[in-house]
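> Got a sequence here, can you model it:
(2 chains)
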Amino acid sequence: QQQVKQSPQSLIVQKGGISIINCAYENTAFDYFPWYQQFPGKGPALLIAIRPDVSEKKEGRFTISFNKSAKQFSLHIMDSQPGDSATYFCAASYRRGGADGLTFGKGTHLIIQP
Amino acid sequence: DGGITQSPKYLFRKEGQNVTLSCEQNLNHDAMYWYRQDPGQGLRLIYYSQIVNDFQKGDIAEGYSVSREKKESFPLTVTSAQKNPTAFYLCASSIGKDRNTEAFFGQGTRLTVV
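Numbers count the residues shown, from 1 in each chain, chains lettered A, B, ... in the order given. This next block holds a predicted model:
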């Protein structure tokens, strides 16, 4: 059972445009929702994260929108740049057994065309 | 520089052979994790550990084993029981003392069965 569903699988956006990636979760025990950015051959790196007590969080060109009632959250990249081309993963976690492991979506391959 | 070091970067395994992937961190983190990444599948949790000499199975632990004899080290052994071991393996760590904190990833080990 996939607990975090991510869409789209791939996305092409023109430079300067807005990139939007969506995720939906099923487990209402999740209480931490990070987004990770991964470049080819590298490990993922935290981009931005949100907790369910807020509906939006913005850091520079990156914004997370969170809808608790719909169990959905999304990443918006404003003024998308070619350097943003990467794979993006949404994730969710809750405390389990004393250590919190992340459950990841399947990823979105984003290409920003110059 | 603080961080997580995985070695080797590339590893080739023959059928029926056990191999061990190294993961070392100097971030003084309590929690460590192993994830497996396959194309189009996101990251799936193999094992995690919050403290020395304690670890828990993740979602896909079959065919893998770990140890946590030191806080800094969390090696993963891919055994011959793992039927499809070819994948990109990622080690991560987090503070672990608070709920849901950032996970830092290593640069990964790509394992190929030959």
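> So which residues on chain B come close to chain A?
Counting by CB under 8 Å from any CB of the partner chain, the residues of chain B close to chain A are B:4, B:6, B:31, B:33, B:35, B:40-45, B:48-50, B:56, B:58, B:90, B:92, B:94, B:96, B:99-108. Just so you know, the C-beta spots here come from the backbone N, C-alpha and C atoms, and that holds for glycine as well.
> Now list the buried members of the residues you listed.
B:4, B:6, B:31, B:33, B:35, B:42-45, B:48-50, B:56, B:58, B:90, B:92, B:94, B:96, B:100-101, B:103-106, B:108 (16 or more other CB atoms under 10 Å in any protein chain shown).
> Please, which helix or strand holds residue A:24?
strand A:19-25 (DSSP states H and E).
> Name every strand pairing with that strand and say which way it goes.
With DSSP bridges as the criterion, the sheet partners recorded for strand A:19-25 are strand A:4-7 (antiparallel), strand A:72-77 (antiparallel).
> Remind me what the helix or strand following it packs against, helices and strands.
Per DSSP H and E, the first helix or strand lying C-terminal to strand A:19-25 is strand A:33-38. Contacts defined by 3 or more CB pairs under 8 Å, 6 or more residues apart in numbering or on different chains; DSSP states H and E place strand A:33-38 against strand A:45-50, strand A:62-67, strand A:86-93.
> can you list those in a markdown table and add mean pLDDT, distance to chain B and mean neighbour count?
Formatted as a markdown table, those follow (pLDDT from 0 to 100; distance: least, CB to the nearest CB, whole Å; neighbours: other CB atoms under 10 Å in any protein chain shown):
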| stretch | mean pLDDT | distance to chain B | mean neighbour count |
| --- | --- | --- | --- |
| strand A:45-50 | 94 | 5 | 17 |
| strand A:62-67 | 96 | 14 | 18 |
| strand A:86-93 | 94 | 5 | 24 |
